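Visitor: below are the sequence and a predicted model; questions follow.
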Amino acid sequence: MWAFSLSAHEVEAVQALTHEIALEHKSVEEVEFIRRASVYAHELPRRIRQFLSDFKLHEPACGVCLISGYPIDNARLGKTPAHWKWKLDGAVSLKEQIMFVLYGSLLGDAFAWATQQDGYLMHDVFPIEADKYDQLGSGSEQLLWWHNEDAFHPYRADYLGLMCLRNPDRVATLIGAPDISRVSREHLDILFEPRYLLKPDESHLEKNESDLRKQEREHGGNEALDSAYEKIKQLNTAPQPVPMLFGSREAPYLRLDPYFTTPLDDEAGAALNALAHNIDDNLQEVVLEPGDCLFIDNYRIVHGRNPFKARYDGTDRWLKRINLTRDLRKSHGSRSGCEMRVMV
Ligand SMILES: [Fe+2]
């Protein structure tokens, strides 16, 4: 993995910058903040900018980079919430969230899904008791099967960012990629062909919308959101066949989420199965520490999470998550304006 540790001087510079920005913006969800984020990012210390720029341009096979060394005041954070819908820490962790978006802006533009976590750009990842057996970031008791984020969607992120606020039980994030030299030519051919149906993961389903927004919709109506859920329904009931691999045959890009994939024939199933075993053999555990920002190349590696026993007492593992795209233009028709970042 590419790793970078902030020096004391760099921590001070980041804190001074985020302090100044926090005087102007009360939330990272503000359209004006997001519009200016990539310009603010020019003011980060040069070593950070160079590191992220190199990660973007070189596309290293490891597919992940980590920036560590930012101090988090655990007491100031307060409790890990019981649900993401209230956004209780909006002001408390604002500076950390700003830092995270600025880092991400050096890799791409942050965006949100209307159908995921109520359309917020900054996601929360912590265990929610009602979701404990689900294939969701908020689950805990089940292995979260490895996948590429939002693999079902053509506008999925190029990079997924994870920032750790706390992780007292040292719950590991799983990352992995296939060893392509061990994939047979015959399987490679099949995996490059559109012989798989890939359905949306559960985080996009209407049942996982918060009760707060559900009530809002029932009272006020929201045509754009209704149509976003309709699109997800269509992708769920009539997905188009897609390949699992694309790009270069020597170092293919991945489009994998086996838990939600149906191969169209036995040959396609066998090829995917062999690829999955290959990835299983290469899975690594990454334990994030408070203040760590991990960026995952969503085209090069898969990620997941081991099962763990959640505490539900306000001290559970708590990550922030953002989606980043290298090309906002490809989703132009799915957003309500050039500067808008919510995909519907
Ligand atoms: Fe994920």
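Guide: Now that the structure is in, tell me what you want to look at.
Visitor: rest of the way, CA atoms for contacts and neighbours
Guide: Fine.
Visitor: I'd like to know how many residues surround the closest residue to Gln135 other than its chain neighbours.
Guide: What sits nearest to Gln135 in space, not counting adjacent residues and going by Cα to Cα, 6 or more residues apart in numbering, is Leu144, at 5.7 Å. Burial measure for Leu144: 22 neighbouring residues, criterion other Cα atoms under 10 Å.
Visitor: same deal with the one 5 residues further on?
Guide: The local packing of Glu149 (other Cα under 10 Å) involves 25 other residues.
Visitor: what sits against it?
Guide: By Cα atoms under 8 Å, 6 or more residues apart in numbering, Glu149 lies in contact with 156-157, 160, 298, 302.
Visitor: ok, back up a step: the residue nearest to Gln135 and Leu77, how far apart?
Guide: 26 Å (Cα to Cα, to the nearest Å).
Visitor: what does Arg185 give?
Guide: From Arg185 across to Leu77, the span is 51 Å (Cα to Cα).
Visitor: ok, Ala310 next?
Guide: Ala310 is 19 Å from Leu77, where distance means Cα to Cα.
Visitor: ok, which stretches of the stretch 51-200 of the chain are helices?
Guide: Secondary structure of the stretch 51-200 of the chain (DSSP state H, counting those that start in this stretch): helices located at 74-77, 94-105, 185-191.
Visitor: among those helices, which comes closest to Phe260?
Guide: Closest to Phe260 of the helices of the stretch 51-200 of the chain is helix 185-191 (Cα to Cα; 16.0 Å).
Visitor: which residue is nearest the middle of this protein?
Guide: Central residue of the chain (Cα atoms, centre = their mean): Leu160, 3.7 Å from the mean position.
Visitor: contacts only, for it.
Guide: Contacts for Leu160 (Cα under 8 Å, 6+ apart) come out as 149, 295-298, 321-324.
Visitor: can you give me the pLDDT of it?
Guide: Listed pLDDT for Leu160 reads 98.
Visitor: quickly list what it is bridged to.
Guide: Ile296, Asn323 (DSSP bridges).
Visitor: give me phi/psi at Ser38?
Guide: Backbone geometry at Ser38, expressed as degrees, to the nearest 10, gives phi -70, psi -20.
Visitor: which one is it nearest to, not counting chain neighbours?
Guide: Among residues not flanking Ser38 along the chain, Ser105 sits closest, at 5.1 Å (Cα to Cα, 6+ apart).
Visitor: was I right about His204 contacting Thr115?
Guide: Yes - between His204 and Thr115 there is a contact at 5.0 Å, judged by Cα atoms under 8 Å.
Visitor: cool, thanks, signing off.
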